[in-house]
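Undergrad: Okay, sequence plus prediction incoming.
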6 protein chains.
Amino acid sequence: MATLGLIEYGDATAEVRAVYDDIMATRKTDWINNFWKALAHDPATLRRTWQSIKEIMAPGALDPLVKEMLYVAVSVTNQCHYCIASHTASAQQKGMTDAMFKELMAVVGMANETNKMVTGYQVEIDEKFKAGR
Amino acid sequence: MATLGLIEYGDATAEVRAVYDDIMATRKTDWINNFWKALAHDPATLRRTWQSIKEIMAPGALDPLVKEMLYVAVSVTNQCHYCIASHTASAQQKGMTDAMFKELMAVVGMANETNKMVTGYQVEIDEKFKAGR
Amino acid sequence: MATLGLIEYGDATAEVRAVYDDIMATRKTDWINNFWKALAHDPATLRRTWQSIKEIMAPGALDPLVKEMLYVAVSVTNQCHYCIASHTASAQQKGMTDAMFKELMAVVGMANETNKMVTGYQVEIDEKFKAGR
Amino acid sequence: MATLGLIEYGDATAEVRAVYDDIMATRKTDWINNFWKALAHDPATLRRTWQSIKEIMAPGALDPLVKEMLYVAVSVTNQCHYCIASHTASAQQKGMTDAMFKELMAVVGMANETNKMVTGYQVEIDEKFKAGR
Amino acid sequence: MATLGLIEYGDATAEVRAVYDDIMATRKTDWINNFWKALAHDPATLRRTWQSIKEIMAPGALDPLVKEMLYVAVSVTNQCHYCIASHTASAQQKGMTDAMFKELMAVVGMANETNKMVTGYQVEIDEKFKAGR
Amino acid sequence: MATLGLIEYGDATAEVRAVYDDIMATRKTDWINNFWKALAHDPATLRRTWQSIKEIMAPGALDPLVKEMLYVAVSVTNQCHYCIASHTASAQQKGMTDAMFKELMAVVGMANETNKMVTGYQVEIDEKFKAGR
């Protein structure tokens, strides 16, 4: 169970409800997932985190679906089970097909493999990759 | 310096050269980066790893540029400096603009933040996210 | 279930009981948590680990509550669920309020975010930070 | 070198300078460390990240020095060299003595050890630790 | 539940069954564990992953039991519960005694501790260790 | 440079010298690597860490070379550069051939890949693997 418990909409303060309402409006859904209900014990962090995510995950130079898949890639690498479950669901809702999911997993797996082999062999960065600006 | 050193094209066996040639042909480039030169001490692993990467990073349900950005997301999460340098360069070569890179970093940063907050608050997976098939 | 199972006080050897007794006396409690019961299969490691923790977590230049919160910060970053549950409980027992817990989570989340952004942007260490002694 | 390079104060836009000015005023210093100069390529992220850190690291239920040490604990666990260097310096500036640093390192080391042993022995969470609210 | 569900032998295509058959023949067992059943949704990845593991885990310069214990060491460090459970079982089947398991855990725990202390103290690599080839 | 600097033998207290002497005698060498010189600022931690390592890395149910390779596997997974450099050297000194090193890297790479794929596919632990004792 969440350390401080979960705050349901009916029990939330006006400040928390305002965030919940914005989450539901932005995501075009009528429910709030547990992460926000756990964070609602700390309204300042709830608001800051939601504002940041809303801004970052909005369409921009990258497609929102690509952003969700990046989120899954990070969550898998961190072995965060909640995050994998929730962001895989979000990605599917935004159009990730099974074929896309399978390729996503293959890339994430391979990246984790070669990351470690590179480091284990103590490979130095090529001059070409160091260029910078 | 790499643990076993680097094997340059001129010093490579025919088996290793064949892999180097395929890497250069596939990537339309005339050089080999250090990772492969370090791995060349183990020709079986060199071949297997290259074949896997070639297959996985090819166009499919996901765009090759998206795959490179996923690779960067994993490498940043793993704090693998070589991998960040090399795959950022690859992503740029495949068309990643500065605007895309900045959004990529913002998503990766935020994902790492919320991954830990979710876990720290001990949030349970929502029933909706557990559905599966 | 724990790989080798758990050893209860009643089934423990005198050597293991001595460690259990010291844990309970030091922590002013009358029970032993599962970690120690799992480790009890390896009495030398049980003793060594308990001695080290007892020494390290004792009051010193840092307050024991601060040490518990550091333990939670590491456990969250490692995504170790058992460790988060047990050390959050220990911290609460040593006086961590909900307000302190919320700030702890906010700091840990933010640190994980900026850690990855720093690395992803490939930021070099400032000369000022390199000084050392 | 940082992927997009570093933006010095003299080359910064008014928007970026405003953040730089606030960083220097808040920290009572006359220089800006590389992290911010790298992030300045993305003014929205620069502002959001600074605002979040400023809010989170301010005095609250936890002392600012404790917060810095938590930051170091996370950074060490993530093996983020830049972050360790910069936050160790910040902690020292806020009053961390060598004795405190040594205890910090001992706790972080021990936490990382027991985190892994707990998981490796597959220890289940004690009922007492599951209680929640 | 696995994201895409599990594919049982009876429901598998001929291509997948061929891999399942080879897994059972190689491991001298009559069942398939969940990892392969989850991966079976992506037959190309299933085949590639199995071929790689079969090749890598075969006897060579290192004993198969040593390889299994290395697998456990990595899985514990990554906090991958499934991997710890399955590879601990495999190691036991290949002859890992309880005494060996306990030493394995002690080494893995200690390595994780000193890894972090080394990094936290910002220790530079000794010239002797840099030699390479 | 190490945060608190390095303490050379000539500058060390009798307490630290005793540990240095034991390290050199145990390892049959005439020099001390930087990790210990950094830790020497905290003599209690220096002694505790050395005693633990000496005890854990001694011959037992596992061969000392196997233990060194486990140490490398953990260090690679943690991306700890110092640790990889120093323990690869130690393993070589204890008899690790290039062929063994290459297989070690292949196993560590593959383990990191499948660890993430297992988690990403959200695979549940098989009943058979849960048995325990």
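TA: The structure has been received and is ready for your questions.

Undergrad: Chain neighbours aside, what residue packs nearest to residue A:119?
TA: residue F:79 (5.2 Å; CB to CB, 6 or more residues apart in numbering or on different chains). The C-beta positions use only the backbone N, C-alpha and C, and glycine is treated the same way.

Undergrad: what does residue A:49 give?
TA: residue A:39 (6.3 Å).

Undergrad: dump the residue contacts of the one you found.
TA: With contact taken as CB atoms under 8 Å, 6 or more residues apart in numbering or on different chains, residue A:39 is in contact with A:45-46, A:49, B:117, B:121.

Undergrad: and the helix or strand harbouring residue A:52, which residues are buried?
TA: If you go by DSSP states H and E, residue A:52 is part of helix A:43-57. Buried residues in helix A:43-57, counted by 16 or more other CB atoms under 10 Å in any protein chain shown: A:43, A:45-50, A:52-53, A:56-57.

Undergrad: ok and the longest helix seen in chain A relative to helix F:98-120, angle-wise?
TA: Longest helix of chain A, by residue count under DSSP state H: helix A:98-120. Angle of helix A:98-120 versus helix F:98-120, following axes from the mean of the first three to the mean of the last three CA atoms, to 10 degrees, is 150 degrees.

Undergrad: what about residue A:125, which SS state?
TA: Using DSSP: H, G, I helix; E, B strand; the rest coil, the secondary structure recorded for residue A:125 is coil.

Undergrad: residue contacts, the nearest residue to it once chain neighbours are set aside?
TA: Nearest residue to residue A:125, sequence neighbours excluded (CB to CB, 6+ apart): residue B:85, at 4.9 Å. Counting by CB under 8 Å, 6+ apart, residue B:85 touches A:125-126, A:129-130, C:122.

Undergrad: Residue B:85: which element?
TA: Residue B:85 belongs to helix B:81-93, assigned by DSSP H and E.

Undergrad: Check the average confidence over that helix, would you?
TA: For helix B:81-93, the mean pLDDT works out to 97.

Undergrad: I'd like to check the angle between it and helix B:98-120, please.
TA: 140 degrees.

Undergrad: For chain C, what is the nearest residue in chain A?
TA: residue A:42 (4.0 Å; CB to the nearest CB).

Undergrad: Could you check how far the nearest residue to that residue once chain neighbours are set aside is from residue E:54?
TA: Of all residues not flanking residue A:42 in the chain, residue C:102 sits nearest, at 4.0 Å (CB to CB, 6+ apart). According to CB to CB, to the nearest Å, residue C:102 and residue E:54 sit 49 Å apart.

Undergrad: same deal with residue A:20?
TA: From residue A:20 over to residue E:54 (counting by CB to CB), the distance is 51 Å.

Undergrad: go on, residue A:37?
TA: Look at residue A:37 and residue E:54: by CB to CB, they are 46 Å apart.

Undergrad: tell me which element the closest residue to residue A:104 other than its chain neighbours is part of?
TA: Excluding the flanking residues, the one nearest residue A:104 by CB to CB, 6+ apart is residue A:69, at 5.4 Å. Residue A:69 is part of helix A:64-77, with elements assigned from DSSP H and E.

Undergrad: Just want the residue of chain A that's nearest chain F.
TA: Of all residues in chain A, residue A:113 sits closest to chain F, at 3.5 Å by CB to the nearest CB.

Undergrad: what's the burial count for that residue?
TA: Neighbourhood size, residue A:113 [other CB atoms under 10 Å in any protein chain shown]: 25.

Undergrad: Next, the contact list for the spatially most central residue of chain A, please.
TA: Of all residues in chain A, the one closest to the mean position by CA atoms, centre = their mean is residue A:71, 4.0 Å from it. Counting by CB under 8 Å, 6+ apart, residue A:71 makes contact with A:83, A:87, A:90-91, B:107, B:111.

Undergrad: Could you report the pLDDT at the residue nearest to residue A:104?
TA: 98.

Undergrad: just residue A:132 next, same as before
TA: Looking at residue A:132, the pLDDT reads 59.

Undergrad: And the closest residue to residue A:32 other than its chain neighbours, how close does it get to residue B:114?
TA: Using CB to CB, 6+ apart and skipping the chain neighbours, the partner closest in space to residue A:32 is residue A:20 (5.2 Å). Taking CB to CB as the measure, residue A:20 and residue B:114 are separated by 17 Å.

Undergrad: Do any residues in the helix or strand of chain A with the lowest mean pLDDT lie close to chain C?
TA: Least confident helix or strand, chain A: helix A:127-130 with a mean of 91, by mean pLDDT, DSSP states H and E. No. Figure legend: helix A:127-130 not in contact with chain C (CB under 8 Å from any CB of the partner chain); closest approach 9.1 Å.

Undergrad: Remind me what that helix packs against, helices and strands.
TA: Where contact means 3 or more CB pairs under 8 Å, 6 or more residues apart in numbering or on different chains; DSSP states H and E, helix A:127-130 is packed against helix B:81-93.

Undergrad: Could I have the CA atoms of the helix it packs on written out in CSV?
TA: This file holds the C-alpha atoms of helix B:81-93, laid out as CSV (Å, rounded to 0.1, in the frame of the first residue of the first chain):
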residue,chain,number,x,y,z
HIS,B,81,29.2,7.9,-21.4
TYR,B,82,30.5,6.1,-24.5
CYS,B,83,27.0,5.1,-25.5
ILE,B,84,25.6,8.6,-25.0
ALA,B,85,28.3,10.1,-27.2
SER,B,86,28.1,7.5,-30.0
HIS,B,87,24.3,7.3,-30.2
THR,B,88,23.7,11.0,-29.9
ALA,B,89,26.0,11.3,-32.9
SER,B,90,24.1,8.6,-34.7
ALA,B,91,20.8,10.2,-33.9
GLN,B,92,22.0,13.5,-35.2
GLN,B,93,23.2,11.9,-38.4
